[in-house]
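>>> I would like to see how this sequence folds:
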Amino acid sequence: MELKAQAKVNLGLNVRFQRPDGYHELDGVMARLALHDTLTLTPQPEGITLAVVGAELAADASNLAYRAAQTYLTAIGESRGVHLHLTKRIPIAAGLGGGSSDAAAVLRGLSRLYPAEVNLMGLAATLGADVPFFVANLPAARAQGIGEQLAPLKLPALHLVLVNPGIAVSAKEAYASVRALAPTVDIPDLLASLAAEPSYQNSLQAGVVAAYPLIAEGLAALRLQGLRGVLLSGSGATCFGLAHSAAHAQAVAERLSARYPRWWVCATYSC
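Residues are numbered from 1 along each chain as shown. Prediction:
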């Protein structure tokens with residue numbers, strides 16, 4: 001069974017406050033992208049094995065996809081196992097939800113390989129804040145709580161340019177550097193701005209940019225290309241901007257790739 005594990009961007013992300021359990025209450029908008037990893041799941045008599053191509057990642061329980069398989073099989077009491085083959089295209093620790101999406105694809109795939117009465121969203125929430133969004137398989141949603149409270153949203157088609165200057169930023173580090181707790185995201189204003197001049201907010205951006213000044217160069221490069229709504233996605237280090245069309249996004253991506261050959265640059269779209 002082959003599944004896509006799609007990336008996401010945060011069109012707005014407010015960190016509201018830190019809860020007694022250490023997690024942060026969030027309020028934001030996530031949009032799913034065409035950019036994706038690919039996961040192939042093959043049943044096997046026992047155990048979990050994982051092969052990764054396209055990135056240097058551990059193939060053990062430190063990998064979130066592996067851990068998702070463990071979580072599901074243990075929850076349903078399944079003695080059979082699975083082989084996972086993961087092809088990575090989404091950068092690691094980049095604020096695009098790659099690891100979370102891989103984990104969600106494993107949960108969705110195993111629920112088809114080994115069907116059982118189990119709360120898939122509940123399992124997803126134990127694995128990470130972004131995993132429920134990907135398990136829900138929504139094009140876009142408002143995410144609240146620690147990311148598990150999802151309200152589907154309808155967004156217009158978005159064409160984006162993503163840039164990452166080659167920096168890996170851990171979510172733990174990004175949340176530790178939050179400069180100020182922001183107010184709740186205004187969903188009507190955000191949606192209305194998509195057709196005009198977006199002005200997005202990410203509570204994590206100031207702290208992450210202060211720690212990694214090169215990210216500020218990425219944001220500036222996108223603005224200089226005339227893109228709209230330029231913002232850090234999630235905990236970064238990937239930044240994005242909205243183009244007017246697929247052709248515009250591709251042209252900007254080509255110019256940025258030529259100017260910054262060491263950066264990861266991608267033209268993609270919401271879907």
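>>> alpha carbons only for contacts and neighbour counts from here, please
Noted.
>>> got the domain ranges for the protein?
Annotated domains of the chain cover 2-151, 154-269 [automatic domain parsing].
>>> and the end-to-end length of the shortest one?
Distance between the two ends of domain 154-269: 15 Å, counting by C-alpha to C-alpha, to the nearest Å.
>>> and it, average pLDDT?
Mean pLDDT, computed over domain 154-269, is 85.
>>> which stretches of the stretch 151-271 of the chain form strands?
Along the stretch 151-271 of the chain, the segments classed as strands by DSSP state E, counting those that start in this stretch run 159-164, 228-232, 239-243, 264-269.
>>> export those strands to a markdown table and append columns for distance to residue 201 and mean neighbour count.
As requested, the strands of the stretch 151-271 of the chain are exported to a markdown table (distance: least, C-alpha to C-alpha, whole Å; neighbours: other C-alpha atoms under 10 Å):
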| stretch | distance to residue 201 | mean neighbour count |
| --- | --- | --- |
| strand 159-164 | 17 | 25 |
| strand 228-232 | 7 | 26 |
| strand 239-243 | 12 | 27 |
| strand 264-269 | 20 | 21 |
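>>> what would those strands look like in a markdown table with distance to residue 52?
Formatted as a markdown table, those follow (distance: least, C-alpha to C-alpha, whole Å):
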| stretch | distance to residue 52 |
| --- | --- |
| strand 159-164 | 21 |
| strand 228-232 | 27 |
| strand 239-243 | 25 |
| strand 264-269 | 20 |
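>>> please identify which of the ones you listed is closest to residue 72.
strand 264-269 (31.0 Å; C-alpha to C-alpha).
>>> sketch out the low-pLDDT regions of the stretch 1-150 of the chain for me.
For the stretch 1-150 of the chain, the stretches with pLDDT under 70 are 16-18, 21-23.
>>> okay, helices next: where are they in it?
With helices called from DSSP state H, counting those that start in this stretch, the stretch 1-150 of the chain shows them at 64-76, 98-113, 120-127, 131-136.
>>> closest to residue 12 out of those?
When those are compared by C-alpha to C-alpha, helix 131-136 sits nearest residue 12, at 14.9 Å.
>>> alright, I will stop here.
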